[in-house]
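A.B. asks: The sequence isn't on hand, but the structure is:
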């Protein structure tokens, strides 16, 4: 099974941008559909975006549609989340996750097998 490490979080002003990265190791990256989730203090983890194994299909939560873009580079074993026009309500710990090998893309967090440790994103107003 793959191991996942997120990076790229930080503090940014409202309206700014950040790009999160999630580096995978320990498996053939293209075997796994990938997702991004986030969890704000006192709230449940929520779906942000997902991408299929060869990037043919992407999903977005309504709250980020048009502002966030998910992508992946299978040669670099990395999935990205480009976040533009950030809002204070985007403040959360962001996690990347991998589905089981060959499984289809989904927005359900309980269908992801492997999780990274998370990276903090803070958007100031």
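C.D. replies: Now that the structure is in, tell me what you want to look at. What you see is a predicted model, and the numbers here were worked out from it, not measured in a lab.

A.B. asks: Buried residues in stretch 46-58, which are they?
C.D. replies: 47, 48, 49, 50, 51, 52, 53 (16 or more other CB atoms under 10 Å). Any C-beta I mention is one placed from the backbone N, CA and C, and that applies to glycine too.

A.B. asks: Compute the first-to-last residue distance for that stretch.
C.D. replies: 16 Å (CA to CA, to the nearest Å).

A.B. asks: what's the answer for stretch 46-61, then?
C.D. replies: 9 Å.

A.B. asks: repeat for stretch 11-30
C.D. replies: 31 Å.

A.B. asks: residues near the residue nearest to residue 119 when sequence neighbours are not counted, how many?
C.D. replies: Once flanking residues are discounted, residue 119 sits nearest to residue 9: 3.4 Å by CB to CB, 6 or more residues apart in numbering. Using other CB atoms under 10 Å, the number of residues around residue 9 comes to 18.

A.B. asks: And residue 9, how close does it get to residue 125?
C.D. replies: 18 Å (CB to CB, to the nearest Å).

A.B. asks: Residue 12 too?
C.D. replies: 11 Å.

A.B. asks: Same question for residue 59.
C.D. replies: 28 Å.

A.B. asks: Would you mind measuring the gap between the ends of stretch 101-121?
C.D. replies: 29 Å.

A.B. asks: From here on, call the first residue 8.
C.D. replies: Okay, residue one is now 8; in that scheme the one you just asked about reads as stretch 108-128.

A.B. asks: Quick one: distance of it to the chain centre.
C.D. replies: Offset of stretch 108-128 from its chain centre (CA atoms, centre = their mean, to the nearest Å): 8 Å.
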